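Participant: Predicted model follows, preceded by the sequence.
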Amino acid sequence: MTSPFLYCFSRLADSGALMTTLTLGALNLAVRLPRLRRPVWASAWIGVLFTLMMLSKTTAIFLLPALGWALVLPLWHERKLALRCAITAAGVSAVLFGAWLALVTGFGLLPDYKYLFM
C-alpha cells in the first residue's frame, strides 16, 4: 500500500523548482522596493511569496536572512520605511502561515502530519 504523503516527499515530486521560482520572485520584488510607488504593499506581497515558499519546501526558512537583507538594504537610508516594510512582510507571512495551520488543525488533518513527521 502506498501513502500519498510519502509520494509527496519523494524524489518523484520535487518542489525545489517551485521554491526557487518563488524565492527569485520575492528577491526581485525586494530589490525594486525603492523604485515602487507603494513599497509597503509590495512588501506585503513579499510576505505572501515567503509563505508560499515555506509551504512548498520547509527549508525555505533558511532563505529568510537573505530575503530580509534584500528587503531592508535598498531602503537603509529611509530606516522608518525599511522597518515598516520588514514588519509588513513578516506580519503578512505570520498571519498567512497561522491561517494555514488553523485550517490544517480545523479540518482534523494534524494527525496525518504527525504520522508523516514522527
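Facilitator: Thanks, I have the structure now.

Participant: Same question for residue 29, what's its three-state structure.
Facilitator: When the structure is split into helix, strand and coil by DSSP: H, G, I helix; E, B strand; the rest coil, residue 29 lands in helix.

Participant: May I have the residues that are in contact with it?
Facilitator: With contact set as CB atoms under 8 Å, 6 or more residues apart in numbering, residue 29 has these partners: 42, 45, 46, 49. Every residue, glycine included, has its C-beta placed from N, CA and C.

Participant: from these, which single one is nearest residue 58?
Facilitator: Closest approach between these and residue 58, by CB to CB: residue 49, at 15.5 Å.

Participant: quick one on the thing from earlier: can I get the contacts of residue 29 in CSV including neighbour count and secondary structure?
Facilitator: Below are the contacts of residue 29 laid out as CSV (neighbours: other CB atoms under 10 Å; DSSP: H, G, I helix; E, B strand; the rest coil):
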residue, neighbour count, secondary structure
42, 19, helix
45, 16, helix
46, 28, helix
49, 25, helix
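
Participant: Closest one of the residues you listed to residue 89?
Facilitator: Within the contacts of residue 29, the smallest distance to residue 89 is 4.6 Å, found for residue 46 (CB to CB).

Participant: What sits closest to the closest one if chain neighbours are left out?
Facilitator: In space, and not counting its chain neighbours, residue 46 is closest to residue 89: 4.6 Å by CB to CB, 6 or more residues apart in numbering.

Participant: This completes my enquiry, with thanks.
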